[in-house]
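1. I would like to see how this sequence folds:
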Amino acid sequence: MSEPSEGGMKSGRLEAFTDGVVAIIITIMVLELKVPSDGTLAALSQSLPILLAYVLSFVNVGLYWNVHHHLMQATGRIDGKVLWANLFLLFWLSLAPFVIRWLDESHFAPMATAAYGVVMGLAAVGYQLTERAIIACNGQDSALARAIGSDMKGKVSLALYLIAVPAAFFARPVAFALYVAVLLLWLAPDRRIERALRD
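-> Take a look at the predicted model:
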């Protein structure tokens, strides 16, 4: 990572803070899981839906940590706008344990299912705001700006969340299928930033 130019700040504290918050979010998520009432497969099967929701959320939060790490590698300097955009991202990610518990307690009610999409969708908005703030701070000719380009993956992700949230009220399986689709879209290796840094 390059040194910040005059007027910029180093990103080390931002990275460390983000790493710590993500670690806490993942820890809280697993603590929210209920242990089966007895040692049978039937009891375990009753916990399967919430276990799957946990896996979906764990991978989502993990993906944000992964792409955030790449983002910081292409960041020469940050400013106050970057800090606030990153906090916006972390705020919505921190609500993941809350919506998982709501899904569990409400037996995957439509409102809780929609809330999951709202939380993850606004986390996606937070990530895009962080990207844009970093690009504004480092310039349109920066490595990150070249790597992101038109950011079609980000736009498609937001579009899928916009469809999934209302779908949760009349077709919950469709909503969850769209949540998984967003995850799979980002699960595929994204080499844009790595290529830009090599170039």
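
2. Show me the shaky parts of the protein.
-> For the chain, the stretches flagged by pLDDT under 70 are 1-8, 189-192, 194-199.

3. how near is P166 to L103?
-> With distances taken as Cβ to Cβ, to the nearest Å, P166 is found 17 Å from L103. Heads up, the C-betas are built off the backbone N, CA and C, glycines and all.

4. Which helix or strand contains the residue most central in space within the chain?
-> Residue closest to the mean C-alpha point of the chain, counted by Cα atoms, centre = their mean, is Y64 at 4.1 Å. Following DSSP states H and E, one finds Y64 within helix 48-73.

5. For that helix, enumerate the helices and strands it packs against.
-> For helix 48-73, the packing partners by 3 or more Cβ pairs under 8 Å, 6 or more residues apart in numbering; DSSP states H and E come out as helix 12-31, helix 80-94, helix 96-105, helix 110-138, helix 172-187, helix 192-198.

6. okay, the ones you listed, which one's buried deepest?
-> Mean neighbours per residue, mean count of other Cβ atoms under 10 Å, is largest over the helices and strands packed on helix 48-73 for helix 110-138, with a mean of 21.

7. next structured bit after that one?
-> Later in the chain than helix 110-138, the nearest helix or strand by DSSP H and E is helix 143-148.

8. Which secondary structure elements does that following helix sit against?
-> Helix 143-148 packs on helix 110-138, helix 192-198, going by 3+ Cβ pairs under 8 Å, 6+ apart.
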